[in-house]
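Visitor: Here you go, sequence then predicted model.
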Protein chains: 6
Amino acid sequence: MFYHDSKLQYPVKVETPNPLFAKLLQQAIGGVEGEMRVALQYLFQAWGARGPAKYRSMLLETACEEIGHIEMLATAVALNLEGAPNETVEEAAKDPAVAAVLGGMNPRHILSTTLAAMPMDSQGVPFDASHVYASGNIAADMLANVTAESTGRMLAVKLHNYTDDPGMKDMLKYMIARDTMHQNQWLAVWEEVGGKQAHPIPNSFPQAEENQSVNYTFYGTKRDKGQPTQGAWSQGASPDGKGTFKSEWLDPMGQELGLPPAQAWQGVQQDQVGK
Amino acid sequence: MFYHDSKLQYPVKVETPNPLFAKLLQQAIGGVEGEMRVALQYLFQAWGARGPAKYRSMLLETACEEIGHIEMLATAVALNLEGAPNETVEEAAKDPAVAAVLGGMNPRHILSTTLAAMPMDSQGVPFDASHVYASGNIAADMLANVTAESTGRMLAVKLHNYTDDPGMKDMLKYMIARDTMHQNQWLAVWEEVGGKQAHPIPNSFPQAEENQSVNYTFYGTKRDKGQPTQGAWSQGASPDGKGTFKSEWLDPMGQELGLPPAQAWQGVQQDQVGK
Amino acid sequence: MFYHDSKLQYPVKVETPNPLFAKLLQQAIGGVEGEMRVALQYLFQAWGARGPAKYRSMLLETACEEIGHIEMLATAVALNLEGAPNETVEEAAKDPAVAAVLGGMNPRHILSTTLAAMPMDSQGVPFDASHVYASGNIAADMLANVTAESTGRMLAVKLHNYTDDPGMKDMLKYMIARDTMHQNQWLAVWEEVGGKQAHPIPNSFPQAEENQSVNYTFYGTKRDKGQPTQGAWSQGASPDGKGTFKSEWLDPMGQELGLPPAQAWQGVQQDQVGK
Amino acid sequence: MFYHDSKLQYPVKVETPNPLFAKLLQQAIGGVEGEMRVALQYLFQAWGARGPAKYRSMLLETACEEIGHIEMLATAVALNLEGAPNETVEEAAKDPAVAAVLGGMNPRHILSTTLAAMPMDSQGVPFDASHVYASGNIAADMLANVTAESTGRMLAVKLHNYTDDPGMKDMLKYMIARDTMHQNQWLAVWEEVGGKQAHPIPNSFPQAEENQSVNYTFYGTKRDKGQPTQGAWSQGASPDGKGTFKSEWLDPMGQELGLPPAQAWQGVQQDQVGK
Amino acid sequence: MFYHDSKLQYPVKVETPNPLFAKLLQQAIGGVEGEMRVALQYLFQAWGARGPAKYRSMLLETACEEIGHIEMLATAVALNLEGAPNETVEEAAKDPAVAAVLGGMNPRHILSTTLAAMPMDSQGVPFDASHVYASGNIAADMLANVTAESTGRMLAVKLHNYTDDPGMKDMLKYMIARDTMHQNQWLAVWEEVGGKQAHPIPNSFPQAEENQSVNYTFYGTKRDKGQPTQGAWSQGASPDGKGTFKSEWLDPMGQELGLPPAQAWQGVQQDQVGK
Amino acid sequence: MFYHDSKLQYPVKVETPNPLFAKLLQQAIGGVEGEMRVALQYLFQAWGARGPAKYRSMLLETACEEIGHIEMLATAVALNLEGAPNETVEEAAKDPAVAAVLGGMNPRHILSTTLAAMPMDSQGVPFDASHVYASGNIAADMLANVTAESTGRMLAVKLHNYTDDPGMKDMLKYMIARDTMHQNQWLAVWEEVGGKQAHPIPNSFPQAEENQSVNYTFYGTKRDKGQPTQGAWSQGASPDGKGTFKSEWLDPMGQELGLPPAQAWQGVQQDQVGK
């Protein structure tokens, strides 16, 4: 169950409203690197959690925090939109500076809302919940979470780079810091459940059953059969501690491609039908 | 540039065609855990790679391998569809076993193709390239790749569990093994670029600029202000080696939620317009 | 800001797990009539609210309640999936009853999760946030909310109809009742801001500026120019109290369709280029 | 069945072509507030109508009118695109006014069409028929229609606000007026089938079967257990005339969250498997 | 402008309602091979037509016919759904025949409508208007239309194959015949504007400006540099009558792949930053 | 199976990086007229090919070439992005030329990547594999391919028109030429399998079974029952050589629209329930 407080988690101030920055901020709300994704991801991971209960509890706590981040960003978008132009397109055409704002901002910020945030990314693509990764494998999910917080922090750093507004910079420094925490938090769980030794994921499948001749081989595909690219992945012990890397040229082991002829009821041309 | 061979990478045999298994296999082609996603992900990471060239080269090699995996799976789907029913729905209704196949299979396998694979998941949702993660940050992208290969191996394990067909089991044991390799491969690069010490990602942003009071704090959100969930994330050194975890109750630091009144040109009700 | 409780809002019990019912329940999580939609809709309406503050406050309260409903439904899906078959497709083919379950259930419930709910509808289509309606016009948004709760209650009634499980029926009776409340709640606000007299929405646009000759006319389009369909919409006072209905045959007032010829740089055929 | 006339429903004139306005107009074609949505919504409601036949007949009449509105808007978009720049990006970079147009317009208007309208919104997101609401419940569908026409009129008002072109303003005044009619039309039907007393929708479900203790209670979720927000929804008679509002703090009635442990065949980590 | 008739274009009768056939029919409504696609495609091609007016006029006529086909199919879906089961999932589980229907049908046909058609395909994926091809090049658009009617006729043939119901077979024989007409109709226009000699499309671009050394060369990509696959495309006159086919092995002409190093403000790892 | 070469298929040079041109180029990567679509389309057609093997072989060769085109375009996008602004939005606001670039470019090129290409179109809409047409009917698929290459060449011509950069113009002249080849290549196969005489597609369905009274009739839908639009489609021999065109006014042959009343369990209003 969920409760709320009418105060924001951290102050959100905008000195100089800028509709273009409002558009950029949308990426942090509804983009694949954004807060709707992590909030929903942690919720669905919590609700589907099987195994040690402490992980579910922790996931719920961070999910709540993330919903609060969407709230902060939605407020930041709305405050930046206070500067949206009310000129007609004809008036705007006379002043390149105004035209650049009217053309560059998200048109739905003026057409579909009352100068408010929407659950979409910086390009106007609606958030799509297929990006909520919740496999139920605790190690895989923790890696998904570290990844999400890594691209999330990259995004926050870039937004920080694209504004001089002191309120926005302060808010983003807070968010960058929280992403630091969350990267470490998910890494800590991944380590707790085995870290590198938890691989190959899932470790509940008997590894002896997988094909033993190809499970630690790096394959090269250079057309001239040149040496496969060498590196940490082509020799030495594998990170999971269970194998030794080698490298080989990738040659076909399978049969010639091909399927049986078609039948007329499948709607093909007569020439394709088997006799 | 790209070349091909008309032979398959590994043998694909189906002893007992099963249209329902064809539907399940589609998840490994066009699902978010599937091969189209990783093939395109490695290609776009390679094409956008900045920094050490060896990573681009290696990404291209594994991308080529993955396109070959889509080819194997597409062949496996088509071979399983050889058993698709040609009964009418009225005839099928008389035999529950046939009805279960006709109702349970992917209808587009008979309506939209000539018993062939499609670029969609097991539910018929078309593959959507928004799942191609290629941030350009080498450490973040490696984590995205380990994650993809982890859910990919989970999927292959489950498919292996849902079939008794010796050809399919053999093909899947090969794929499970390749996922083992790929998990290790991306982990090896992540370690090479710093591993846990590469965090917080991106490490090119001066960490001193982030908010120092919240960057290693786990926040609790239990409504009764009970102790935040304790674990590896609430005390001790953080995995990145740059901080010490602590935990706190999450209290609002920000202002009361609220926005200025609207203006009439925004299409609101008269009551909402500021005076 | 947001907080949570580790207990469910209302008991969720499943006596006889049924994977097919789990699929149907997904419509109430990620379908357009479902709880993710209303939870996010009320949140974004709250965050973008301009005008009287009490509406924002109320929206946040009901949004929190709705997140708790997703939680209940996610739990119900997982409990129903406890009955998911672990037979291979070959074994299932021997028993029509098992085949019907394996073919009829959502394949991603076994392939993409650990028997858990996903943010998608009953057909496996991921939730898409374009369905979050938050125009910022309080009257329009209240109508959107009544509509959502009306189709939501229809859905809950149908789910109630498709199960005999006492736990599920009890949970759904609770949800049906909450939808009764919410329909009334949004209607009460709509009435408070004017009800029928709040129309035409938006009422901040001077109605005198709209085309006065067609604003209360019902148009008929029967090809034989027969009488437009008569009813409450073709005569008498209009519900907004500002006009009188009449009905007319719809005849063209505009010019002949047609555009200027194309230019070569637009990539057309030579024949289409204007001389 | 359907017929056409080669003349437009109402004159569409553009004095000063403006590609940026063409982009904004797309919201009224393919946006969720637009004409494709209502045209298809009324058609599918008509085709699925069960109950009194006059509603089906009326829905078809207004659907035909709406297809004609798409036609008007498509013509308006094409006429506005007559002003699209044919400068190269390098030339445009020299003149900020041209650059603002080239950067601000919809690039697909020049790349994917011959200066013509597309079935997408102002952000280039293709129209998606999941927004066609046709539940088959006459009261719910009428509310969906009033809502659609309310946001539709808001959009037309805003477009009217963003142009000085006399032809465009005249066309929009016509459309604003039609939206006035349509809001009233659907409200009239809603009233005819019971209005507020038609609630809770669906009224064919015996209300006595819903949970009687929570069906007229407003729940508060303020973390400090403060009084739930008071208003028309927290006391007095409910709009449906069947209950009396009260308000309460929302406390959990359900069990602790939690699911049984996983099994190995589900692809989890060994630690998550039940013993 | 558009008008309607309350009678269907052709009789739609269903003797034995079958919810599974209703699901299959949905492909012909909202699938990429379906009627919504062609109806909208012809409308948008007409509305954007530049050049000879007769093509616009003809497109509108066939568009109207196609809207009538959606109407027929929507009626066919609803009539087939009259047989939808009203058993609970628990009851259905006792009878494999009923379970196969309840599991095999589209769940939204019972959950989201009142036994009626929806604008989606056979897998429940909503129709998406990105499939409306209207480039404005008359020759290209005619080919797009022949293609659409070809896959449309394939689909109708397959639906015809999957039913014994005399009413459905009769309706589908009508639709198959109309697709025959429409394939010929669009081919006739393509021939009228040049047929094979209209290529390469667009013919308004001076062909002398394209790279002359590769414009009639078939490239082989077999890894062993074997002979490119020979056929009508590797020798002899090209269909456009403007070149002679030859075939060659595809060798790289371009530079080594590679991009400049990144900069810190782009959120990369320190190692990727150029010095 | 697939192999690669680390050199590009054709040189990709950019003299004057232009982020706006980078946005336009994205249409050729992830747009419906773009290279991802044809690459995947030819691959899936090859993998599902039934009938003469040479077509599969040829499809694989051209698919490989197209993956190389994506690579070229991805490189071109990245090189154009070298000119992306690093000014803050506040600084940009001071210089309309910079503001036009920052507002006009794809924001995800700076926020979601390290100045690199993404698998999306020029509007930021991710590539969606539902556009991969692979019906398995060789004639229909060849037409789909000619169509794709026709709109592909239109797009390349327009991109060529919008740039003065010599490197970009040279690359596009190469691509325009390849599209010439590919249009001819697919036309050659279509002719080989019958050309116009291959219609109506599919020709394996006995044409005698389709409704013979409407299969070569052009229908008119002008509301005044005026003469159907005349042209090559209304008289004379049909292109398939199997019929003679005629034209007729379209009159309804079917029954009055209408469905049986609803039942209460379907969640309708009481008034809609049949007695």
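Guide: Good, I have the coordinates.

Visitor: check contacts around A:Met120.
Guide: A:26, A:29-30, A:108, A:126-127, C:129-130, D:123 (C-beta atoms under 8 Å, 6 or more residues apart in numbering or on different chains). Just so you know, the C-beta spots here come from the backbone N, C-alpha and C atoms, and that holds for glycine as well.

Visitor: Enumerate the sheet neighbours of the longest strand anywhere in chain A, specifying parallel or antiparallel for every one.
Guide: If you go by DSSP state E, chain A has its longest strand at strand A:244-249. When sheet partners are counted by DSSP bridges, strand A:244-249 sits next to strand A:217-220 (parallel), strand A:236-237 (antiparallel).

Visitor: of the contacts of A:Met120, closest to D:Trp190?
Guide: Of all those, C:Ser130 has the smallest distance to D:Trp190: 25.2 Å, by C-beta to C-beta.

Visitor: give me the number of residues near the nearest residue to that closest one once chain neighbours are set aside?
Guide: Leaving aside its sequence neighbours, C:Ser130 sits nearest to A:Pro126 (C-beta to C-beta, 6 or more residues apart in numbering or on different chains; 3.8 Å). Neighbours of A:Pro126 under the rule other C-beta atoms under 10 Å in any protein chain shown: 19.

Visitor: go on, A:Gly226?
Guide: Close neighbours of A:Gly226, defined as other C-beta under 10 Å, add up to 12.

Visitor: now it: how far from chain C?
Guide: Counting by C-beta to the nearest C-beta, to the nearest Å, the separation of A:Gly226 from chain C is 38 Å.

Visitor: what does A:Glu90 give?
Guide: 18 Å.

Visitor: List the buried residues in the helix or strand A:Leu172 falls within.
Guide: Assigned by DSSP states H and E, A:Leu172 belongs to helix A:166-192. Buried positions in helix A:166-192, judged by neighbour count with 16 or more other C-beta atoms under 10 Å in any protein chain shown: A:167-169, A:171-192.

Visitor: any idea where the helices of the stretch 101-250 of chain A begin and end?
Guide: A:108-111, A:138-161, A:166-192 (DSSP state H, counting those that start in this stretch).

Visitor: could you dump these to TSV with mean pLDDT?
Guide: Converted to TSV, the helices of the stretch 101-250 of chain A look like this (pLDDT from 0 to 100):
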stretch	mean pLDDT
helix A:108-111	97
helix A:138-161	98
helix A:166-192	98
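
Visitor: F:Ala144 is nearest to which of those?
Guide: Minimum separation from F:Ala144 across the helices of the stretch 101-250 of chain A (C-beta to C-beta) falls at helix A:108-111, 33.4 Å.

Visitor: wait, does that closest one make contact with chain F?
Guide: No: using C-beta under 8 Å from any C-beta of the partner chain, helix A:108-111 never reaches chain F; the gap is at least 12.9 Å.

Visitor: returning to what we had before: mind listing residues that contact the longest strand of chain A?
Guide: A:216-220, A:225, A:227-228, A:230, A:232-238, B:184, B:188.

Visitor: same thing but 6 Å
Guide: Applying C-beta atoms under 6 Å, 6 or more residues apart in numbering or on different chains, the external contacts of strand A:244-249 come out as A:216-218, A:220, A:225, A:228, A:233-238.

Visitor: Select from those the entry with the lowest predicted confidence.
Guide: Among those, A:Lys225 has the lowest pLDDT, at 82.

Visitor: Can you tell me which of the contacts of strand A:244-249 is closest to E:Phe2?
Guide: A:Gly220 (61.4 Å).

Visitor: Skip the chain neighbours and tell me the closest residue to that closest one.
Guide: Per C-beta to C-beta, 6+ apart, closest to A:Gly220 is A:Pro228, 2.8 Å.

Visitor: what's the answer for A:Asp224, then?
Guide: That would be F:Asp5: by C-beta to C-beta, 6+ apart, it lies 7.8 Å from A:Asp224.

Visitor: ok, now how distant is the residue nearest to C:Ser130 from A:Ser213?
Guide: With distances taken as C-beta to C-beta, to the nearest Å, A:Pro126 is found 46 Å from A:Ser213.

Visitor: Please apply the same query to A:Gly152.
Guide: Distance from A:Gly152 to A:Ser213, by C-beta to C-beta: 40 Å.

Visitor: what's the answer for A:Gln27, then?
Guide: 45 Å.

Visitor: Compute the number of surrounding residues for A:Ala84.
Guide: Count around A:Ala84 with other C-beta under 10 Å applied: 18.

Visitor: Looks like it contacts A:Pro19 (just checking).
Guide: Yes: A:Ala84 is in contact with A:Pro19 according to C-beta atoms under 6 Å; the separation is 4.7 Å.

Visitor: What residues does chain A have near chain F?
Guide: Counting by C-beta under 6 Å from any C-beta of the partner chain, the residues of chain A close to chain F are A:18, A:20-21, A:24, A:27, A:96-97, A:100, A:103-104, A:122-123, A:155, A:158, A:162-164, A:221, A:223, A:252, A:259, A:261-262, A:264, A:267-270, A:272-273.

Visitor: Buried among those residues? Make that a PyMOL selection.
Guide: Filtering those down to the buried ones (16+ other C-beta under 10 Å) takes a single PyMOL command:
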select buried, chain A and resi 18+20+21+24+27+96+97+100+103+104+122+123+155+158+162+163+221+223+252+259+262+264+267+268+269+272+273
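
Visitor: Pick the one among the contacts of strand A:244-249 closest to A:Val12.
Guide: The nearest member of these to A:Val12, counting by C-beta to C-beta, is A:Trp233 at 44.4 Å.

Visitor: can you tell me which residues contact that closest one?
Guide: Neighbour list for A:Trp233: A:218, A:245, B:185, B:188 [criterion: C-beta under 6 Å, 6+ apart].

Visitor: if we go to 7 Å?
Guide: The neighbourhood of A:Trp233, defined by C-beta atoms under 7 Å, 6 or more residues apart in numbering or on different chains, consists of A:218, A:245, B:58, B:185, B:188-189.

Visitor: And those, which is closest to chain E?
Guide: B:Val189 (11.3 Å; C-beta to the nearest C-beta).

Visitor: Please identify the residues of the stretch 101-250 of chain A in proximity to chain C?
Guide: Within the stretch 101-250 of chain A, the positions lying close to chain C (C-beta under 7 Å from any C-beta of the partner chain) are A:112-114, A:116-117, A:119-120, A:126-130, A:132, A:134-137.

Visitor: so how many other residues sit close to the residue in the stretch 151-275 of chain A that chain B sits nearest to?
Guide: Of all residues in the stretch 151-275 of chain A, A:Gly254 sits closest to chain B, at 2.8 Å by C-beta to the nearest C-beta. Each residue near A:Gly254 was counted by other C-beta under 10 Å, and the total is 20.

Visitor: How much space separates whichever residue of the stretch 1-150 of chain A sits closest to chain F from A:Lys23?
Guide: At 1.8 Å from chain F, A:Gly104 is the closest residue in the stretch 1-150 of chain A, using C-beta to the nearest C-beta. For A:Gly104, the distance to A:Lys23 (C-beta to C-beta) stands at 7 Å.

Visitor: And for A:Ala49?
Guide: Counting by C-beta to C-beta - A:Ala49 and A:Lys23 are separated by 36 Å.

Visitor: For the two, indicate the residue with more neighbours.
Guide: Between A:Ala49 and A:Lys23, A:Ala49 has the larger neighbour count (other C-beta under 10 Å), namely 28 against 25.
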